[in-house]
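Chemist: Structure, please.
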Amino acid sequence: MRRYVDLCVFLTDVENLNEMLVMAKHLGYHTISLTLTNNSITNSEVINEVKKTAIRNKLNIVFRYEINTSDPRKLREKVRKIWRKYEIISAYCIDKKIARIAGRDSRINILTFPLDATIKDIFNDAQCSLMKAKNQYLEIRYAEIARNINLERAYANLLRWIRIACENKIPIIASSGANRPQILRPPFEIASILTSSGLDIKSARDSISTIPMKLIEQGILKTRGKLINKYVKIIRSPLCIG
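Modeler: Residues are numbered from 1 along each chain as shown. The predicted model follows:
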């Protein structure tokens, strides 16, 4: 049985959080990733309240931090500070320089590109080579298509990026990108964006279930100190002395 995951629900309004989680559960999600950004309130009281709300709604949650900056120095500093605090780290790549730097950092799990980008080669084979070496994922967000004014450019980029990702074997994750309950969508509706763009049905469903779930499982090990990096896991044997 598939466990559906929305890997990008922005935590911007704590007051509407309960409504957001109720809607996510109603739509059939097993797990959601509450995404914080540079401007999010992240004190411990807010986080504890979020966890209580999730438990009441019988929904699994993880926390994700998305870095959105055009300054390479700030990107590196932020990754260093937050890497072990959040299950998932992502970068919103608004230009080629940020995309290339983020693609070289194995601590960053997901790269997201603006679908209305006018930079033609912001996501290309060279970018994929960096991402593949660091086991990174490409994310496509429903909200970016729903609110995009230039749909022709957005779909042109989407078609090209999905083709490039598939050719280079880069895992694709589909998410809502919702910042309020009204923007949340059922898993199949989000997956349909990918199928209409050339991805097969199984891969589209994997993009909202098994692929993000695998990333979450790694992230949980990391925050619990059981994962040194993406390749080394700490295993404590009962035969160990000391």
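Chemist: Using neighbour counts, pick out the buried residues of the helix or strand containing residue 23.
Modeler: Assigned by DSSP states H and E, residue 23 belongs to helix 17-26. Across helix 17-26, burial judged by 16 or more other Cβ atoms under 10 Å covers 17, 18, 20, 21, 23, 24. Backbone N, C-alpha and C define where each C-beta goes, glycine included.
Chemist: Following element in sequence after that helix, please.
Modeler: Helix 17-26 is succeeded, C-terminally, by strand 31-36 (DSSP H and E).
Chemist: Give me the distance between that next one and the centre of its chain.
Modeler: 8 Å (Cα atoms, centre = their mean, to the nearest Å).
Chemist: Check which helices and strands the next helix or strand after that strand sits against.
Modeler: Downstream of strand 31-36, the next assigned helix or strand under DSSP H and E is helix 44-56. Applying 3 or more Cβ pairs under 8 Å, 6 or more residues apart in numbering; DSSP states H and E, one finds that helix 44-56 contacts helix 17-26, strand 60-67.
Chemist: would JSON lines of the ones you listed with distance to residue 175 and mean pLDDT be doable?
Modeler: Compiled in JSON lines, the helices and strands packed on helix 44-56 are given as follows (distance: least, Cβ to Cβ, whole Å; pLDDT from 0 to 100):
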{"stretch": "helix 17-26", "distance to residue 175": "12", "mean pLDDT": "90"}
{"stretch": "strand 60-67", "distance to residue 175": "10", "mean pLDDT": "93"}
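Chemist: Of all the ones you listed, which one is nearest residue 7?
Modeler: strand 60-67 (7.0 Å; Cβ to Cβ).
Chemist: just checking, what packs against the closest one?
Modeler: Looks like strand 60-67 contacts strand 5-10, strand 31-36, helix 44-56, helix 72-82, strand 88-92, helix 210-223 (3+ Cβ pairs under 8 Å, 6+ apart).
Chemist: rerun at 7 Å
Modeler: strand 31-36, helix 72-82, strand 88-92 (3 or more Cβ pairs under 7 Å, 6 or more residues apart in numbering; DSSP states H and E).
Chemist: Now do the buried residues in the shortest one.
Modeler: Yep, that's strand 88-92 we're talking about. Per 16+ other Cβ under 10 Å, strand 88-92 contains these buried residues: 88, 89, 90, 91, 92.
Chemist: Quick check: mean pLDDT of that strand?
Modeler: When pLDDT is averaged over strand 88-92, the result is 96.
Chemist: If we go by neighbour counts, what in the helix or strand that that strand is followed by is buried?
Modeler: If you walk from strand 88-92 toward the C-terminus, the next helix or strand you reach (DSSP H and E) is helix 96-103. For helix 96-103, the buried set under the neighbour-count rule, 16+ other Cβ under 10 Å, comprises 96, 98, 99, 101, 102, 103.
Chemist: same check, this time on stretch 111-131
Modeler: 111-117, 122-124, 127-128, 130-131.
Chemist: Need the helices and strands packed on helix 44-56 in TSV (columns: distance to residue 75).
Modeler: Below are these laid out as TSV (distance: least, Cβ to Cβ, whole Å):
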stretch	distance to residue 75
helix 17-26	28
strand 60-67	6
